[in-house]
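**Q** fold the stuff below for me.
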Amino acid sequence: MYREIPTRTIEARTRFWAKIDKRSPDDCWPWTGCRRDGYGLFLLGRTTYSAHRIAFLESTGIQPQHLCVCHTCDMPLCCNPKHLFLGTNADNMRDRNKKGRQAKGEKLHTARLTEENVIKISQAQKAYFHGQDVALAGEYGVASNAIRAIRTGEHWAHLESVKAVSSMRVSKPQLTEQQVVKIKNDLKTFRRGQGKILAEKYNTTLKAIYRIRQGVTWSHIHV
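**A** Presented below is the predicted three-dimensional model:
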């Protein structure tokens, strides 16, 4: 959520710049104060703000507003105004991906599978069969969605074995009218989790099932 950085008193500005390790004009100027998730934090009143955003405002007089303050140096603690520039969230993500900063695979703090696990899973998926996602999920102690995401290349796509499997299934086959009739009949007694079951059964996406249920697609078929 966007928060405008308030006016800084002379005392606050002095305190702010005292926490920056100013080096030569072209070097990074690391923040030496409090930090969170690798970025510097500075307290103004009772609210904390990102140190590099304040540094940008101090040097340019421009409120970042809803924009990101990005780093050309790829050092989150850097507060050298020469290394900072404004960009949209999309610009920031594009810059992050270009520099390879995004966490991948088992480096993600939420990852429950190792790369070795995923390689074995993707090898098994080369011979895909109905119900395989659920079976592999039980074997590795994860949700079937996690297994499906490997099969489709949504997750772990940086591994060659996953790329090979996902490329075999670039898109889901189109549903037939006969299948849609059966799906609509099943949806008459809708229950929690049924969408996932039907998506697995008919080798389609959960979104496709929901769109049928809501009448967005296949609305000309009545059962």
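**Q** could I have the longest strand along the chain exported to PDB, CA atoms only?
**A** Of all the elements of type strand in the chain, the one with the most residues (DSSP state E) is strand 39-44. Written as PDB, here are the backbone C-alpha positions of strand 39-44 (Å, rounded to 0.1, in the frame of the first residue of the first chain):
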ATOM      1  CA  TYR A  39      16.300  -3.500   2.900                       C
ATOM      2  CA  GLY A  40      17.000  -0.600   5.200                       C
ATOM      3  CA  LEU A  41      14.300   0.900   7.400                       C
ATOM      4  CA  PHE A  42      14.100   4.400   8.900                       C
ATOM      5  CA  LEU A  43      11.600   5.600  11.600                       C
ATOM      6  CA  LEU A  44       9.700   8.800  11.000                       C
END
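**Q** show me where this structure has strands.
**A** All strands of the chain, identified by DSSP E, fall at 35-36, 39-44, 47-50, 68-71, 84-87.
**Q** quick check: Met75 vs Leu43, distance?
**A** To Leu43, Met75 is 22 Å away according to Cβ to Cβ, to the nearest Å. Using the backbone N, CA and C atoms, a C-beta is placed for each residue, glycine as well.
**Q** one step back: for Glu200, find the nearest of the strands of the chain.
**A** Among the strands of the chain, the nearest to Glu200 by Cβ to Cβ is strand 68-71 (39.1 Å).
**Q** give the buried residues for the closest one.
**A** 68-71 (16 or more other Cβ atoms under 10 Å).
**Q** neighbours of the closest residue to Lys188 other than its chain neighbours, just the number please.
**A** In this structure, Lys188 finds its nearest non-sequential neighbour in Val223, 7.7 Å apart by Cβ to Cβ, 6 or more residues apart in numbering. When counting by other Cβ atoms under 10 Å, one arrives at 11 neighbours for Val223.
**Q** return the residues in contact with Val223.
**A** Counting by Cβ atoms under 8 Å, 6 or more residues apart in numbering, Val223 touches 181, 184-185, 188.
**Q** what about this structure, any weak spots by pLDDT?
**A** 1-2, 92, 95-112, 130, 165-173 (pLDDT under 70).
**Q** where along it do the helices fall?
**A** Assigned by DSSP state H, the helices in the chain fall at 10-18, 51-60, 89-98, 115-124, 132-140, 144-152, 160-168, 177-187, 194-201, 206-213.
**Q** how's this protein carved up into domains?
**A** 10-98, 105-168, 177-213 (automatic domain parsing).
**Q** let's see the distance spanning the shortest one from one end to the other.
**A** Counting by Cα to Cα, to the nearest Å, the length from the leading to the trailing residue of domain 177-213 is 14 Å.
**Q** what comes up buried for it?
**A** Those would be 179-180, 182-184, 186-187, 195-196, 198-200, 202, 204, 208-209, 212-213, for domain 177-213 by 16+ other Cβ under 10 Å.
**Q** stretch 148-166 now?
**A** Neighbour count says stretch 148-166 has 148-153, 155-156, 159, 161-162, 165-166 buried, by 16+ other Cβ under 10 Å.
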